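Enquirer: here you go, sequence then predicted model.
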Amino acid sequence: MIASLRTLSGGRIERSRVLRFSFDGRAYLGCAGDTLASALLANGVHLMGRSFKYHRPRGVLAAGSEEPNALVAVYRDAGRYTPNLRATQVELYEGLEAQSQNRSPSLAFDFGAVNDVLAPFIPAGFYYKTFMWPRGAWQTLYEPRIRAAAGLGRAPLEADPDRYARRYAHCDVLVVGAGPAGLAAAAAAAAAGARVILCDEQCEFGGSLLADDAAAPQLVAGRPALQWITETRAALEANPRITLLPRTTAFGYFPHNLIGLNERLTDHLADPPGELPRERQWQVRAREVVLATGAIERPLVFPGNDRPGIMLAGAARTFLNRYGVLTGTRVVLVTAADAAYRAALELQQAGVFIAAIAEARTAGDSPCIEQARAAGIPVLTGATVLGTSGRRRVNSIRLARLKHGEVSETHTQPCDLVLMSGGFTPSVHLFSQSRGKLVWDARLQTFLPGAPAERVRSAGACRGVFALEAAVADGAATGAAAAREATDPSRTGVRPAAALSRGAPAADASSTPADGGPGFAGALPQPRGAHARAFVDWQNDVTTRDLALATREGFRSIEHIKRYTTTGMATDQGKTSNLNALGIVSRTLGKDIPQVGLTTFRPPYTPVTFGSFAGFARAQLFDPVRTTPMHDWAREHGAVFEDVGLWKRARYFPRGAEDMHAAVGRECLAVRNGCGIFDASTLGKIEVVGKDAVAFMNRLYVNSWTSLGVGRCRYGVLLRDDGFVYDDGVVARISEERFHVTTTTGGAPRVLAMMEDYLQTEWSELEVWLTSTTEQWAVIALQGPNARRVLAALIDIDIAAAVMPHMSVATGSICGVPMRLFRVSFTGELGFEVNVPADCGPAVWQAIWEAGQALGITAYGTETMHVLRAEKGYIIVGQDTDGTVTPEDAGLGWAIGKSKPDFVGKRSLQRPAMTSPDRRQLVGLLTADPATVLEEGAQVMAEAGARAPTRPLGHVTSSYYSAVLGRSIGMGLVSGGRARMGETLHVPTPSGDVPVQVAPSVFYDHTGARLNA
Amino acid sequence: MLLIECPYCGERPEPEFVYGGQAHIVRPPQPQELSAQQWADFLYQRDNTRGVHAERWRHTHGCGRFFNALRDTTNDHFLATYKVGESPPTGLRVPR
Amino acid sequence: MRDLSAARSPPLVSANTTLRALAPATRYILRGGPHVRAAAEQALGTRVPGNACRAFVSGERAVLWLGPDEWLLISPQASAAAIAALLGAALKDLPHSLVDVSHRQIALSVTGPKASALLAAGCPLDLEADAFPVDMCTRTMLAKAEIVLWRTGTEEFRLEVWRSFAAYVSQFLDEAARGII
C-alpha cells in the first residue's frame, strides 16, 4: 500500500483490518470498509477500465452506483464470475479477485485502442451505414467482430451454483434511500405507527452524509451528522414494525405501488456460506412510497474530460472523508456549481495542493469564490477547458477564457487530479418509472417530480431540496404524511385520488446554490471552429460530436437522438449523462430543454443479476413436476418418462437393451395379443353435478346427451364458439344429475375454466356445479383381449360383455377399494379403465399386475398408447388438430347432435368457409416403402419436387411404425383429403421426396370387432 | 403485478387472476338467426381502447368467480370492479 | 380376494422444523346456493361460512369458504360415509353438488414464529395478522402452485395442496427456509 495516499485518520474504514486483494492478477492491500475503487485509488491505481467503443483508458468518475467507467469482473470460481460490476460498489473482502474488462491483452496496453485513432471513421450510427453489403456478411463477419470488439465483460463459463431467494412483502410506507431525507422519513413514519420498509443500495445507511467531514461535521438536529445517523438507525432497529434493508437496490417501480428490491446478501463476504442465498429479490407492495433517492453530481463536458484522474468533485470528497483516500496530489477543480468548492477546501485541509479552480460561471459574486481565494487558491472565473493531457492518468489541463468565441487567455496547469462539477441532478429514475410527470424547474435548471401517477412522494434532494436541514425536515414531513395516509381507514385502492395530485412540489426555497443546484447542463463553450471531442456519456462513449452529427442529420426528437447515438442507453441509464445531452441538443436546436423533452427512464435502476429474477425457479423448482400415484412403480420398472405439460408420464418400459422402437413394438403386440396396463391418471376429470347437468352438457358439447342413459359413456367433442375443436374425452353418466367428464391431459384446466365461464356469465340460470376430480382418481387402463379375465377375479361386479358393453360405466369395488369402472378403449381392444381413489392407486395397480402375470400382462407407456390409437385412427387433440380444425375436418362429424338447436360452436360450423370442400381433412397416409416412417410436421405436396413457395396441401400430424401391421402408418391434414383416397402425394424430406398414398385413417380392425369383444 | 379488487374477496394480487377479454359481450341467444357478418362481429370484433376499458377478469386462483372491471389502459388503474350481471357503480359507465 | 382398502400411499413430502404433512382426511366440495348453505349448516351442526374467505371449525369438522357457492368440508378420515349420508339426506330436495375430493389433495402444516415469513417467499398475499387473521382461508398461489391457505393459529397455517403439487410445494418451502428458519 502506498501509505501516503491514505489520510492519517478518519473515514469509515477499519485501518487495523488489512485485506489482501488482487486486480488483474496483481496483489494489493486494502482495508475493511473499502470498496474495490477506494482500495485501488489508495494504491495509486486510477486506470480501472477501457471504454466501450473507443477502448480509451478510464478511471473512476464517481464514487457510487452511477459510476460509468470502472466496470470490473469479480471472480470466485468458474461459475461464480460476475462481470460488469461497478468498482465503486464492490465491497472489499479478504482474497477478492477482480479483473478489468474490454481490453486485450491488458489494461495498460489494449489493441482495441486502435478504435480511438479510428474514431473519426466510426461516429454514431456508423454501423447502420457501413455494414450494409454484402448482405450475408452481417451474420458471418460484421456482427461477430463487432460483438467481440465492443461490449462489456464476458459471461461466466459455468452454471451459476449460487442460490437466489425471493420474497413478497407488504408495508404501509416504503422508503427508498437511507440518506438524511430517507432516514428522517422512515423515523417519522415509524413514529406514526406505520409498518415501514427502509432500503438503501449502500452497505450502510447515511447516504451522502457518509462522505461528511468528521473533523468539521455538518449538524443534524444539533448533533454531528454521523452521530445522528447512528442514533436514528438504532431507534428504527428497535422497532419490530420496521424492516431495514441495506445493500438493497430499489431497481424498478411497477404499477400499483409494487417496487422491486434486490438485496445482496453474500457478495461482500470472503467466504459466503453456500447454503444461504446470494441475493433475495423483494416484491414490495407499499400503500405509500417515499422516494429519497438523492441527487447525482453532473460531470462537465469539455475536451479530454474522460482521462483517468478526472472525477466528480463529490467523488473525491467521498474517497477522502469516507475511505481516507487522497485521490491526487496536485488538483484543479473545474466547476459550475458552488457545492464543489467544499471538495477543494477539504482536500486542501488534508494537505493536498489545489493548483487552481476554474469557475465556468462568469458572475464572480459567489461567497464560495471569496472563501477559496481566502484559502489561497487561485480562481479563474468565466473559464472553460480546452483540453487535457496524460495517457493513463491526467497530467495537465488547459484552462482558458473566451471572448466572442475566441480564446483570450490560456493557462496550462500541471495536475494529477481534475475535479469537476456541473451541479446536481435529482435522481428521478424511480419516480419516472412510476409514470409520474417530470417538470422542468427553471431556477434549479433540472427536472423535478411533478404530478404522481401512483401513491408516491419524493423527499429531499431528489425533489430539489438540497440543503441538509431542509432535506431532513422535508423527509420527516413527507414520512409523516405518507404514514397518515397509509393508515387512514377511509383509504381505498391503489390509485392516487385527485386530491393526491400533489402538483409540482416547488423546490424548497431554503435550498441555496451552495447546497446543490442550480448547475450547468450542456458542454462548456469552445472557441469557434474547434472540433474537439468531449464525452457526454462515458459508458456508451457518446461525444459532443455524435450529438452534433445526429442533429445535423435531421434528428429532432430526443427519443430518436438517444437511439441513434445511444446516449443514456447504457446500463447506467444515463445517470451522469442525460441532462448534459439534453443541454447540448437544446442549444444546437435552439429550443429550451423542456421543449426538447426527456427520454424515458427504464428499470432496472442498476443492473440486476439473472439469478435474482430466476429466484427459486431453477433446477427441480423451475416448474412443478407433477407425478401420478403410480409414478414410483413405473420408475422401479425402468420406465422412460416424457414431459406432458407439467406431468411426468411413463413413455415406455424398455427391457434389457431395448431401444424405444423395440420396446414400443413389444408393448403394442402385448396389448393386441394379450393384455396391457397403462397409467391414465393424468387425464383431466370434471364432475358435472346438478339438476341441469344434461342441459349444460347439451349446450356445451357437440353431442346429444339427453339420450345417454345412466351407466353409459359417450365420446364428447368440445368446440369453441369459433367452431374449432378445443378438447375431447369420454363422458360418463353416473346418475341422472351427475356426469364424470374426462378431458385431455393438457386440457383439464382450460376446459374447466371454459365451463365456468359459460356457467357464470352466460347460463347463470342453470343449476349445475363443477368440481375438478383429476387428482381424486388414479386411473388404471387395462387393454387387450385378456383384460376382462385379469380384472374379473379382482372385482365385485359382473363385467360380462352382455352386462357391461363397450362405452359403459359401473361402480363397485376392486380388492375392497371403491371403484368407478369404465369400459372404454383408446386402443381398439377390449378395455377397461379402473378409477380408484388416488392414494389406493399403487396397491390396486400392484394387485392387477400380479393377477395379470399368468396372462402376460405388460406395462405400456404413452408412446405405445399413441401408436395403438393411431392404428385405430383415434385423434389426439393438439396433435392431429391445431385450433383450425372442425369436427368434420377431423372426421368426427358423426359425433354432432344434429337435431340440437344450438351448442357452442354450432353457428360457426355453418359459415361458408367451414364447409368448403378444400378444407384440410384428416386422412391416412401410407408410404410406398413400409419401412419409411414420415416426420411428423412434414409438408404434404401435390407434385413431386414441389417446394415452397408452392403451397402445400397439408402436413403430417401423426406417424409411427405399427408392429401389428408390420409397416409404417401416418395421418395428416390434407386439403380435400377425403376426396383424394388412393391418390399419391409427396412428402418432401431432407433426403428427397417420399411418395405417400391417401388412405382411410383407420388402419386396424375396421369393423371394431375387437373393441366390442 | 397489479392489485385487483375482486368483488368477493377484496384486493388481491394479479397472479391469482386470469384476464378474460372485453366485458359486456353477450352471446346471442339465437345464433342461428344471425347473419354470418353479425356472428363474425360477435366472435371477433373487440375494442382496442386507449382509456377506460370494460373487461372481464376471473379470480381463478381465489374464489373462481368471473367479474367485470373498468380499467384505464393508459395507466392500469382500475376505476371499478363489479359482479357479473351488475352495472358499473354510480357515476361510471361502460365505454362504447 | 385381498382387501386393500387400507393400503394408502399418500404423496411423500419433505419436512423440517416448520413444515410437516398432516394426516389423511375426508374432504368434500359442496356447491350450491344460499339454501344449500343453510341446510348443510343444520345437518352438520357446523357453521358454514357465508362470508368470503372464512373457515369455521366445530369439533373435528371444518368448513372453508372457497367461493360464494363453494365450500370445502374437512373431517376425519373415517367419517366419509357418515358425511355423505348426512348431507345426502339433508340436501335431497335442494339443487347442489357434493363431490368427494379426499384424495385430490393433501394437507401440510407450516408452523412457528417464521411461518408467515416462510410462506411470503412464494405467496403474494399480505400474511400479517391484521391482513390475514386466524380463521381466514383462501385459494391463492404459492410460487407456481395453487394452494388453499388457511390460518389456523397466530403462527400456524394449513395448506391444502393438490397431490401432484405436494412434492413441489414441500421442496419449495424447504428451499425457501434457507436463511429464514
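Expert: Structure's in. What do you need?
Enquirer: what about the chain, any weak spots by pLDDT?
Expert: Just going to use chain A. Applying pLDDT under 70 to chain A picks out residues A:1-3, A:127-128, A:130-133, A:146-151, A:364, A:492-517.
Enquirer: tell me the domain boundaries of it?
Expert: By the assignment in automatic domain parsing, chain A contains the domains A:3-126, A:162-298+A:424-513, A:299-422, A:520-609, A:623-682+A:776-881, A:684-773+A:885-913, A:916-1013.
Enquirer: any part of the longest one near chain C?
Expert: Yes: part of domain A:162-298+A:424-513 sits near chain C under the criterion CB under 8 Å from any CB of the partner chain, namely A:163, A:165-170, A:195, A:265, A:275-277, A:280, A:283, A:285. Backbone N, C-alpha and C define where each C-beta goes, glycine included.
Enquirer: quick one: distance of that domain to the chain centre.
Expert: 24 Å (CA atoms, centre = their mean, to the nearest Å).
Enquirer: same check, this time on the first one
Expert: The gap between where domain A:3-126 is centred and where its chain is centred comes out at 28 Å by CA atoms, centre = their mean.
Enquirer: can you pull up the most central residue in chain C?
Expert: In chain C, the centroid-proximal residue (CA atoms, centre = their mean) is C:Glu160; its distance is 4.3 Å.
Enquirer: who's in contact with it?
Expert: By CB atoms under 8 Å, 6 or more residues apart in numbering or on different chains, the contact set of C:Glu160 is C:Arg27, C:Leu72, C:Gln105, C:Ile106, C:Ala107, C:Ile147, C:Val148, C:Trp150.
Enquirer: hmm, the first one is touching C:Leu73, no?
Expert: Read that as C:Arg27. Yes: judged on CB atoms under 8 Å, C:Arg27 makes contact with C:Leu73 at a distance of 6.6 Å.
Enquirer: still on that earlier bit, please list only the buried members of the residues of domain A:162-298+A:424-513 next to chain C.
Expert: Among the residues of domain A:162-298+A:424-513 next to chain C, those scoring as buried are A:163, A:165-170, A:195, A:265, A:277, A:280, A:283, A:285 (criterion: 16 or more other CB atoms under 10 Å in any protein chain shown).
Enquirer: ok, and of these, which contact chain B?
Expert: Counting by CB under 8 Å from any CB, A:Tyr168, A:Gln283, A:Arg285 from those sit close to chain B.
Enquirer: next step: those residues restricted to helices.
Expert: Among those, no member falls in helices (DSSP state H).
Enquirer: return the member of these nearest to A:Leu782.
Expert: Minimum distance to A:Leu782 across these is 46.6 Å, recorded for A:Tyr168 (CB to CB).
Enquirer: residue contacts, the residue of the stretch 451-600 of chain A found nearest chain C?
Expert: In the stretch 451-600 of chain A, the residue that lies nearest chain C is A:Thr487 (11.0 Å; CB to the nearest CB). If a contact means CB under 8 Å, 6+ apart, then A:Thr487 has A:Asp172, A:Ala192, A:Gly193, A:Ala194 as its contacts.
Enquirer: and the first one, how far is that from A:Gly479?
Expert: This means A:Asp172. Going from A:Asp172 to A:Gly479 by CB to CB, to the nearest Å gives 11 Å.
Enquirer: common neighbours of those two, please.
Expert: With CB under 8 Å, 6+ apart as the test, A:Asp172 and A:Gly479 both reach A:Ala189.
Enquirer: returning to that earlier point: would CSV of the contacts of A:Thr487 with secondary structure and neighbour count be doable?
Expert: Output for the contacts of A:Thr487, formatted as CSV (DSSP: H, G, I helix; E, B strand; the rest coil; neighbours: other CB atoms under 10 Å in any protein chain shown):
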residue, secondary structure, neighbour count
A:Asp172, strand, 22
A:Ala192, coil, 18
A:Gly193, coil, 12
A:Ala194, coil, 24
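Enquirer: show me where chain C has strands.
Expert: Assigned by DSSP state E, chain C shows strands spanning C:19-21, C:25-32, C:55-58, C:61-67, C:70-76, C:96-100, C:105-111, C:137-142, C:145-153, C:156-162.
Enquirer: how about the ones you listed in JSON lines, adding distance to A:Ser704 and mean pLDDT?
Expert: Listed next are the strands of chain C as JSON lines, based on distance: least, CB to CB, whole Å; pLDDT from 0 to 100:
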{"stretch": "strand C:19-21", "distance to A:Ser704": "46", "mean pLDDT": "94"}
{"stretch": "strand C:25-32", "distance to A:Ser704": "26", "mean pLDDT": "98"}
{"stretch": "strand C:55-58", "distance to A:Ser704": "42", "mean pLDDT": "96"}
{"stretch": "strand C:61-67", "distance to A:Ser704": "31", "mean pLDDT": "97"}
{"stretch": "strand C:70-76", "distance to A:Ser704": "29", "mean pLDDT": "97"}
{"stretch": "strand C:96-100", "distance to A:Ser704": "23", "mean pLDDT": "97"}
{"stretch": "strand C:105-111", "distance to A:Ser704": "35", "mean pLDDT": "97"}
{"stretch": "strand C:137-142", "distance to A:Ser704": "35", "mean pLDDT": "98"}
{"stretch": "strand C:145-153", "distance to A:Ser704": "34", "mean pLDDT": "98"}
{"stretch": "strand C:156-162", "distance to A:Ser704": "33", "mean pLDDT": "98"}
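Enquirer: most centrally placed residue in chain A?
Expert: Nearest residue to the geometric centre of chain A (CA atoms, centre = their mean): A:Phe613, 5.9 Å.
Enquirer: surely that one meets A:Gln281?
Expert: Yes: here A:Phe613 reaches A:Gln281: they are 6.8 Å apart, a contact under CB under 8 Å.
Enquirer: just the strands from the stretch 751-900 of chain A, written as ranges.
Expert: Ranges of strands within the stretch 751-900 of chain A are A:769-772, A:777-783, A:808-814, A:817-823, A:831-837, A:857-859, based on DSSP state E, counting those that start in this stretch.
Enquirer: nope, chain B is what I was after
Expert: Going by DSSP E, chain B shows strands at B:3-6, B:10-13, B:18-22, B:52-58, B:66-72, B:78-83.
Enquirer: go on, the stretch 551-700 of chain A?
Expert: Secondary structure of the stretch 551-700 of chain A (DSSP E, counting those that start in this stretch): strands at A:640-644, A:647-652, A:675-679, A:684-689.
Enquirer: now the longest helix belonging to chain C: average pLDDT?
Expert: What stands out as the longest helix in chain C, according to DSSP H, is helix C:163-176. Computed over helix C:163-176, the mean pLDDT rounds to 96.
Enquirer: okay, and whichever residue of chain A sits closest to chain B sits in which element?
Expert: The minimum distance from chain A to chain B, using CB to the nearest CB, falls at A:Arg907 (3.6 Å). Per DSSP states H and E, A:Arg907 falls inside helix A:906-909.
Enquirer: check contacts around the residue lying closest to C:Arg37 once chain neighbours are set aside.
Expert: Closest residue to C:Arg37 apart from its sequence neighbours, by CB to CB, 6 or more residues apart in numbering or on different chains: C:Val48 at 4.9 Å. Counting by CB under 8 Å, 6+ apart, C:Val48 touches C:Leu30, C:Arg37, C:Ala38, C:Ala40, C:Glu41, C:Phe56, C:Val63, C:Trp71.
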